[in-house]
Each structure stands twice: as C-alpha cells, then as structure tokens.
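Student: Fold the following, please.
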Amino acid sequence: VALTICNTVVVDVQNGSESRVYHATSPDEEALVKAAATQGFELISRVGDKVVVCIFGIEYQFEVLNIIEFNSYRKRMSVICRTPEGKIKLYCKGADNMMFPRVVDSCSFKDTTQQHVNSFACEGLRTLAIAEVQIDEERYETWAKQYKEAGLSITDRQSRLDSVAELIEKDMDLLGAAAIEDRLQEGVPECIETLSAAGVRVWVLTGDKLETAISVATSCRLLTPDMDLETITETSKPLLHEKLLALTDDLNLAPKRLWVNIMEWFSNFDCTGTDPGQAVGKKGKPLALVVEGASLTLLLEHDLRYLFLQLAKASVAVVCCRCTPSQKAKVVKLVSEKSFLWGDGAITMAVGDGANDVPMIQRAHVGVGISGKEGRQAVLSSDFSIPRFHCLKRLLLVHGNNSYARITRLIMYSFCKNTAMALAQFWFAFVSGFSGQMMYFDYLFTLYNSLFTAIPIILLSVTDQKYSPEFLLKNPSKYQYGVTEKSFDNFTFMRWILLGIFQSYVTFLLPFLSVNIPTH
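Tutor: Numbering: from 1, shown residues only. Sure thing, here's the model as predicted:
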C-alpha cells in the first residue's frame, strides 16, 4: 500500500481499453508502482485528493491530506492520507541513511533490512526504505496548521517546510526496503575507456549509496581491479584531516613550495615531480578515490578543500557518492577554479540527465544534457544535448578535436591578416613622407574584414579536417594534440606573425614597384 500511495503518479486509462498507463516524474516511481501492481496492489485512479487502490481485487479509496515532496536535502518523500477505516497514516520512502534513524528502535527486523539494503547496493541496485506511522487526529491538526503557516512564509520557506516535516516524520514503523535496477546504457563502458585513453579525467558524482556507486563504477570500467581503491567515509574533521595527510605522504604529494609555483607560473612544464593521475598507492597500483557525501561536506570546507583537490588530482578515478546537487556544483567549482598556489584550474565538462544535475551542468565550462526518462531539465540547462551517453565519445574526439583545430587556425589567421593590413600601411609611410596618406581606398579598407578575408576562413572552417572521424575514434590519443596546445604554442604564433609581416611587405612592394616601372 505504501508503494502505491506514496508517489505522485498520474493514471491514464486508454480509450476502449482497460490497460492503464502511468505517468511519473521519475522512472523509479513508475517502476515501484508497477511492481506493487504485480503483487496485487494496483493504482486505479488519482483524481484530486482521492486515490483509488485495488487490493487483491477489492477497490479502496484513500484521501490524500498532505504531500511532503522529495528534495535533495531531505532525500525522502511522505504522503499523509486518511485510510478507508478513517485512520490517518503517514507513508514515507527514501534513502536508507535518512529513513533508519527515524524508525523506532523496537523494530525487530531493522538490522536484517539494513543488511538486505547493503546487499542490494553491492549488486548495483538503487535502494530505498519504506516506513509508516499512524497519527492521531489531534496531533495531525496541530501539525497541519504549522505546515500551512510554513508554506505561506515569504522568507526561508523551504527550510521552514523541512523543519516542520521533521516533526511528523519520526518514530515510524519500518515496512521494508525496495531495490531498483538502474541499467547502464549501451556503450557506456567502452565510451569511458576511450575517454580515459584520450587523457580525459572522468569523475562520477552520484546520489547513490557507497556500495551502489562502487558497483556501477566497476561495471562501467571506471574502477578496475588493477587500481588501489581508497574509501573516505570519516565524518570527523580531525580524523579526515589525518587520513588525507597519511594518503598524501604515502603518495609523496608534499605541498608545493613557493619557488616551485613561481617556476611553474613562468614555464609550461610541471615542477612537482608527480604528474596528475600517476600517483601509485600502497599496493603499487594507480590510486582510485571513493568519497561519501558526509565526508565530502567536510572536504569542501576551506581548510581541507585544497588538500583534497591535490589528492584527487593524483588519482586516476574519483567517485563521490551520496552527493547533493549543491555538492556536485561545489566539486566542479573546486576543480575548475584558478589559484596561484594550486594551479590554473581544469577545463571541466559536466554530463547529467536529471534535475539534480542542473547545478553541476551550469557550473562547468561545458554542460552536456542527456535526454531520457529523467526529464528535460538537464537538457534545457546544458550547452549540448545528446540522446545517449556513448555519443559523448564522438562529441569530444571528433567534433571537439575539429573545433579546437579550426578555432586555433581562426585565431592565428586573424592575427596574420591584421598584421598584414596594418604593416602594409607602415611600409607605405616611408615613401609617402609619413604624411598620413592612406594606401587603400576607403571602400577597400572597409571590405577588408567583412568580405575579402572572411570568405577564405569560412570556406576553410567548413571543409577543414586534419583527420577523418573514423581515424579520430580509433586513435583517441590524438585528442591530446588540442589539450597540450601543440598547435597554439609560441612558435606557431610567431610563425603566423612572420607570415603576416612577409605578406604585408609583398602587398606594399609589388604595387609600388609596378607603379614606378617606366613605360615607353
């Protein structure tokens, strides 16, 4: 009954058919309602505050009194309803770490259910716990008045609603747990392997349990058996600081000295001795880091954030679980922000498919939304939209590589043509006595940027392909050509400038000599 009532699923009955179509805000809710229907608890209709449920062939009507919505802070959802017997009950479902502390201690199968939840999570399933509590009429009336006042407040409305919800969501009776299989899309493991081979650092920021996050990261080949897996679950800042120092000492990641940072500031090479992503753990394997949400909250504070960043940059893979949307955005900001002591920051791309990924997508340099069953909030907030995760490989390796090469050539070409235009007038000043006489007609000078020099670069940008798409997909290491700025270094820049100087001199000299040739 809890799975059938505790949701916001809308039932649509097809014309001329008894089959029902469920429309839910998330695929998880739809899956739970369908699972309950297979066990004899079928959601028949939802009209206003009336919900009709068929229980083993008999229809019952429930009256929904209040719906306490799910959010990233609460990580649970509750529905208060009046049963056909006239009793008031609260049904609640949510993350196990939020639900079990609110369950009565006298529950005899609480530990067993926790073991089952952990077992489901280790298999890569998305888990949640379900509970209920019966509320007497007087207590409900008092609470409903407080909840209505909180909903009408102008300032801190959401925090007040959450605080009032805490008053009613306690001393609940545990009903059980549910697990949902969240299958990987086709081509995800291969895509992540290809991106890693291209030198792209892949981090996973998820709201799932620790065990679920590790299982999913392993199935998509982000975590492999040849990695040294370090899990950070400490919830005390002194213990967390001690563990970070121990890991950095083991990896020989001593903090940089000031003169090292000054040398890096004026050079293009790394003076630290340990390249990012090349740190070796205690077992002689590359380091992979897994961080739980409670620990991540402390790691993002000012006194630990850069120590965590240094350790994370030295890891080949990072998985952050139990993350809230705001934590995801803070992690992206930490990685991308510039600092004199901690580097120039990384160019970040955030990929998500749900509303909880929107802050992360908006915070990153490039946001990619995946259109799917989670809704279109991520797509509408992103810079690029793709139908499947594996399309990310082509977006980066083919379109990204070509875009970088073309933009680089456009910038160099702009410097070259402007140098040629300006210096030609400079050479002409020597023979015009520095009188200010223009070498060009006015209309030619105006059309220089808008027509004469625009057509070549437009044609080049449309047709230029250094490598074929098939070659780039088979050789992901070519992506490093743009990342390492080999086509945008000082030598290439000076070569284009010298080309502009040469063209400016030719542009001046040929007309000048042709005008001064004597004719008979």
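Student: ranges for the strands of the stretch 351-500 of the chain?
Tutor: 366-370, 384-386 (DSSP state E, counting those that start in this stretch).
Student: Specify the stretch among these that is closest to residue 165.
Tutor: Taking Cβ to Cβ, strand 366-370 is the member of the strands of the stretch 351-500 of the chain nearest to residue 165, at 30.5 Å. Just so you know, the C-beta spots here come from the backbone N, C-alpha and C atoms, and that holds for glycine as well.
Student: what stretches of the stretch 101-250 of the chain score poorly on pLDDT?
Tutor: Flagging of the stretch 101-250 of the chain using pLDDT under 70 yields an empty set of residue ranges.
Student: how about the strands in it?
Tutor: Under DSSP E, counting those that start in this stretch, the stretch 101-250 of the chain gives strands at 125-135, 173-181, 203-205, 228-232.
Student: Which one of those lies nearest to residue 24?
Tutor: strand 173-181 (12.4 Å).
Student: Most tightly packed of the strands of the stretch 351-500 of the chain?
Tutor: Comparing those by mean neighbour count (mean count of other Cβ atoms under 10 Å), strand 366-370 ranks first with a mean of 22.
Student: Touching that one from outside, list them.
Tutor: 347-353, 357, 361, 376, 378-389, 392, 395 (Cβ atoms under 8 Å, 6 or more residues apart in numbering).
Student: Would you list the buried entries among the residues you listed?
Tutor: Among the contacts of strand 366-370, those classed as buried by 16 or more other Cβ atoms under 10 Å are 348-353, 357, 361, 378-379, 381-382, 386, 389, 392, 395.
Student: tally of neighbours for the nearest residue to residue 104 once chain neighbours are set aside?
Tutor: Of all residues not flanking residue 104 in the chain, residue 171 sits nearest, at 5.4 Å (Cβ to Cβ, 6 or more residues apart in numbering). Neighbour count for residue 171, taken as other Cβ atoms under 10 Å: 12.
Student: Mind checking the strands of the stretch 101-250 of the chain for the one nearest to residue 85?
Tutor: Closest among these, using Cβ to Cβ: strand 125-135, at 10.6 Å.
Student: Specify the angle between the closest one and strand 173-181 in degrees.
Tutor: Taking axes from the mean of the first three to the mean of the last three Cα atoms, to 10 degrees, one finds that strand 125-135 is oriented at 160 degrees with respect to strand 173-181.
Student: that older thread, filter the contacts of strand 366-370 down to the ones in helices?
Tutor: Cross-referencing those against helices under DSSP state H gives 361, 378, 379, 380, 392.
Student: pLDDT below threshold where in the stretch 351-500 of the chain?
Tutor: The low-confidence ranges in the stretch 351-500 of the chain, as defined by pLDDT under 70, are 485.
Student: can you map out the helices along it?
Tutor: 358-363, 377-380, 391-394, 401-431, 442-447, 454-463, 469-474, 480-483, 490-515 (DSSP state H, counting those that start in this stretch).
Student: list the buried ones in the first one?
Tutor: What it means is helix 358-363. 358, 359, 360, 361, 363.
Student: Would you confirm that the first one contacts residue 375?
Tutor: No. Proximity of residue 358 to residue 375 does not meet the contact threshold set by Cβ atoms under 8 Å, at 10.2 Å.
Student: gap between the residue most central in space within the chain and residue 329?
Tutor: Centroid check for the chain by Cα atoms, centre = their mean gives residue 350 as the closest residue, at 3.6 Å. For residue 350, the distance to residue 329 equals 9 Å [Cβ to Cβ, to the nearest Å].
Student: what touches both of these two?
Tutor: With Cβ under 8 Å, 6+ apart as the test, residue 350 and residue 329 both reach 360, 363.
Student: Out of the strands of the stretch 101-250 of the chain, the one nearest residue 495 is which?
Tutor: strand 203-205 (37.2 Å).
Student: Sheet-wise, list the partners of that closest one with their directions.
Tutor: strand 317-320 (parallel) (DSSP bridges).
Student: which of the residues in the strand it pairs with are buried?
Tutor: 317, 318, 319, 320.
Student: check contacts around the third one.
Tutor: Think residue 319. So residue 319 contacts 203, 204, 206, 213, 214, 217, 222, 223, 288, 289, 290, 291 (Cβ under 8 Å, 6+ apart).
Student: Could you rerun that using 7 Å?
Tutor: By Cβ atoms under 7 Å, 6 or more residues apart in numbering, the contact set of residue 319 is 204, 213, 214, 217, 290.
Student: mind checking pLDDT for it?
Tutor: pLDDT for residue 319: 94.
Student: Looking at strand pairing, list the partners for it.
Tutor: Bridge pairing for residue 319 - DSSP bridges - gives residue 204, residue 290.
Student: Tell me the confidence at the closest residue to residue 346 other than its chain neighbours?
Tutor: In space, residue 346 comes closest to residue 335 once its chain neighbours are excluded; the distance is 5.2 Å by Cβ to Cβ, 6+ apart. For residue 335, the pLDDT comes out at 91.
Student: Tell me, how many residues neighbour residue 335?
Tutor: With other Cβ under 10 Å as criterion, residue 335 counts 20.
Student: What separation is there between it and residue 177?
Tutor: For residue 335, the distance to residue 177 - Cβ to Cβ - is 35 Å.
Student: since we're on the residue nearest to residue 512 when sequence neighbours are not counted, how many residues are nearby?
Tutor: Counting by Cβ to Cβ, 6+ apart, the nearest residue to residue 512 once its immediate chain neighbours are dropped is residue 431, at 6.7 Å. Applying other Cβ under 10 Å, we find 12 residues neighbouring residue 431.
Student: do you know how far residue 431 is from residue 514?
Tutor: From residue 431 to residue 514 the distance is 14 Å (Cβ to Cβ).
Student: what's the answer for residue 224, then?
Tutor: 69 Å.
Student: Please apply the same query to residue 298.
Tutor: In terms of Cβ to Cβ, residue 298 sits 76 Å off from residue 514.
Student: more crowded one of the two?
Tutor: Neighbour count, other Cβ under 10 Å: between residue 298 and residue 514, residue 298 has more, with 19 against 8.
Student: Where does the more buried one sit, in terms of helix or strand?
Tutor: Using DSSP states H and E, residue 298 sits in helix 293-299.
Student: Next, the angle from the following helix or strand past that helix to strand 228-232.
Tutor: Downstream of helix 293-299, the first helix or strand assigned by DSSP H and E is helix 305-313. Note on geometry: by the same axes, to 10 degrees, helix 305-313 and strand 228-232 are set 160 degrees apart in direction.
Student: which helices and strands does helix 305-313 pack with?
Tutor: With contacts defined as 3 or more Cβ pairs under 7 Å, 6 or more residues apart in numbering; DSSP states H and E, helix 305-313 has these neighbours: helix 237-250.
Student: for the helix it packs on, packing partners?
Tutor: So helix 237-250, by 3+ Cβ pairs under 7 Å, 6+ apart, packs with helix 293-299, helix 305-313.
Student: Now render those as CSV, adding distance to residue 423 and mean pLDDT.
Tutor: Below are those laid out as CSV (distance: least, Cβ to Cβ, whole Å; pLDDT from 0 to 100):
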stretch, distance to residue 423, mean pLDDT
helix 293-299, 54, 90
helix 305-313, 44, 87
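Student: Highest mean neighbour count out of the helices of the stretch 351-500 of the chain?
Tutor: Ranked by mean neighbours (mean count of other Cβ under 10 Å), those are led by helix 358-363, with a mean of 21.
Student: chain center to that one: distance?
Tutor: Offset of helix 358-363 from its chain centre (Cα atoms, centre = their mean, to the nearest Å): 7 Å.
Student: Need the residues that contact it.
Tutor: Residues contacting helix 358-363 (Cβ under 7 Å, 6+ apart): 205, 325-326, 328-329, 332-333, 350, 352, 367, 369, 377-378, 381-382.
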